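J.: This is the structure alone, sequence omitted:
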């Protein structure tokens, strides 16, 4: 009987009622782990992770051997428990076969001149068959380590360049999968290759590029998977004169592995995109920065060193009647080996070194049963009480046991609350007896648990606080006993409230924000200075308003205040806008409960003068008023000036055919910016004050103005009219005129 456990942790301060059951943007928050992509970030020791996120006890995995080279391509085992590893490297002479005894003792029994040992099979008499590539051969390695060539493709009529796989029948017949061109050969029991002797027989050829894998069924049926067309072939070895029958053409380009269950269902894994005519790389990648690529002669990919990530893998099932179906798609993994073991279909994958148990009864269901310390899991070999696994990057040999591993431990990934938080009690739903599992928690204020975290504290579910210090980071651990499983784990936490921060504030006179400003109106841009360091480190950037310019209508009768703010708790904020005149002590409220990050008001509400604006941010929407916190910032000074300058009397008289005019102008708030004059409605002319620079609250003008001419002569008029208009810095304007009679 399987015991199901749903685990939810609620971390709060004391009793908090309904708030504890929510997972809103403020208050108590929930970090739920229930999906595979969440659970697989943790560390599983004897714990399997199903594709729906369920945790359950798994078989134990043990490291038996680490190779001095990073790549193990093939694996076999004999009846005595010895494992045979087909190794390889990046230079000629690295094709090595190593025997690993059950106690871990390693012995080199073969060394070839080729790059890699691509396939291995053990015979009942204790000998080992090894296939090397490229430009390789098939060797029979006797128990005394003497190696004899039993197949040399270079002397066949087809001359294939690659040898990819071997299959050994119970009667001793040996089948050889070759590539470039794709062919399958047979060496009869007791035979060996000898030029012209005819011991190696071509069974069949195909239009594919390569025959990549073989599987020999107990009834003598030979299955072969190809590269190029992604075809699974079936061949009756009892009728060697017959032709192979294509029982399935996969959507993928290459069939990488085959497996057969006890009822006759055939399983195949396919990778790659059809249409790519070059052989894909062998699966070599990793920190070493070295790859091995096997390509056809003259291929443009001869210098390629890409890792084989051909859009994931598909696994197909072909029933005994030949009806195919797609069992599973793995987006991020490439299947290199399949095995039907202990009633389960297992898949060895890269490039994350995962072993999956495939549910053959439910399409799309699988369980991650082992995370190996290697990049690629390459091959399986069954042994008594378990199954052996060979890996590359790094080259290692593991043993996956069939026995119950006992206690299974799962440690979650470190959770970052984003802020100093309080942790309360742990809850297991539904409630189970404490013997079903053990639950532990630890906390800290740095991301790395090795740097000053609290010790693991065992917590009894549903019975009070977990007893860990308040901190920013937390981690939990489960120890499963027996058949207990966990479907989901949730962490609820209450962050310490931190006051909001108003990052920037700017006040812009002469601008008014409008939802849809007319296109004909001129616009102004209100931009912030460079962001402060505090704003850049905000852990809740989604709480900030946009930092780009704010489009507003140009309106000299308005003032717009704009600001940005954030809250480290992610709380919703409201704002109050205040003003204060220069030299005044009290702030006066313009508007409260503002939810936008800007506010426009009429400048006419305030007398002309210099002012400051203040914005107060409050997190009161997320907290009780008594617990709400505020933050504020004051703008730089800004000037409100809606009154025009005050000009004095304009005097003018004719002198030498020109008008001599004098004028004083004054403004109470801002400097006189500029002045213009016009005589007898002629175009306005720029006018400089005495001294040339217009930068004071009062300016004096003394100037000569030409009288308009008619037909090249000064107009004979009885009077002239001169007008002067004066602007202050905020474009308020006043006009004065004088009539001059000669």
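T.: Good, I have the coordinates. The structure displayed is predicted, hence computed values, not measured ones.

J.: residue ranges of the helices in the protein, please?
T.: 36-39, 533-536 (DSSP state H).

J.: starting at the chain centroid, how far to the first one?
T.: What that stands for is helix 36-39. 14 Å (CA atoms, centre = their mean, to the nearest Å).

J.: hmm, who's touching it?
T.: 32, 33, 49, 50, 51, 52, 53, 55, 368, 410 (CB atoms under 8 Å, 6 or more residues apart in numbering). For glycine as for every other residue, the C-beta is placed from the backbone atoms N, C-alpha and C.

J.: Would you point out the most distant pair within these?
T.: In these, two members sit farther apart than any others by CB to CB. They are 32 and 368, at 19.3 Å.

J.: more neighbours, those two?
T.: Each of residue 32 and residue 368 has its neighbours counted (other CB atoms under 10 Å); residue 368 has more, 22 against 14.

J.: Name whatever forms a beta bridge with the more buried one.
T.: Residue 368 forms beta bridges with residue 49, residue 356, as assigned by DSSP bridges.

J.: hang on, the earlier thing: where neighbours are concerned, which of the contacts of helix 36-39 has the most?
T.: Of those, with other CB under 10 Å as the count, residue 55 tops at 26 neighbours.

J.: Can you report how many residues neighbour the residue nearest to it when sequence neighbours are not counted?
T.: Using CB to CB, 6 or more residues apart in numbering and skipping residues adjacent in sequence, the residue nearest residue 55 is residue 486, 4.3 Å away. Counted with other CB under 10 Å, the neighbours of residue 486 add up to 25.

J.: And for residue 460?
T.: Neighbours around residue 460, by other CB under 10 Å: 13.

J.: go on, residue 669?
T.: Neighbours around residue 669, by other CB under 10 Å: 19.

J.: change the start of the numbering to 31 and stick with it
T.: With the count now opening at 31, the last piece we talked about shows up as residue 699.

J.: ok, it to residue 630 distance?
T.: Residue 699 is 21 Å from residue 630, where distance means CB to CB, to the nearest Å.

J.: do the same with residue 668
T.: 13 Å.

J.: just for this structure, where's the confidence low?
T.: Within the chain, the ranges that satisfy pLDDT under 70 run 31-56, 122, 221-228, 306-340, 435, 458-464, 545-554, 558-577, 740-747.

J.: can you list the domains in it?
T.: 33-88+437-525, 91-431, 531-670, 676-770 (automatic domain parsing).

J.: right, and residue 191 touches residue 167 too?
T.: No - using CB atoms under 8 Å, residue 191 is not in contact with residue 167; the gap is 12.0 Å.

J.: Spit out the residues that contact those two alike.
T.: Common neighbours of residue 191 and residue 167 (CB under 8 Å, 6+ apart) are residue 183.

J.: Pick the one among the contacts of helix 66-69 closest to residue 345.
T.: residue 81 (12.9 Å).

J.: quick one, what contacts the closest one?
T.: Contacts of residue 81 (CB under 8 Å, 6+ apart): 66, 394, 395, 396, 397, 398.

J.: same thing but at 6 Å, please
T.: Contact analysis of residue 81 by CB atoms under 6 Å, 6 or more residues apart in numbering lists 66, 396.

J.: same check, this time on residue 450
T.: Going by CB under 6 Å, 6+ apart, residue 450 touches 502, 526.

J.: which of the domains of the chain sits most buried?
T.: Comparing the domains of the chain by mean neighbour count (mean count of other CB atoms under 10 Å), domain 91-431 comes out on top with a mean of 19.

J.: Residue 377 bridge partners, please.
T.: Residue 377 forms beta bridges with residue 368, residue 386, as assigned by DSSP bridges.

J.: Excluding sequence neighbours, find me the nearest residue to residue 153.
T.: Per CB to CB, 6+ apart, closest to residue 153 is residue 198, 6.4 Å.

J.: any idea how far that neighbour lies from residue 154?
T.: For residue 198, the distance to residue 154 - CB to CB - is 9 Å.
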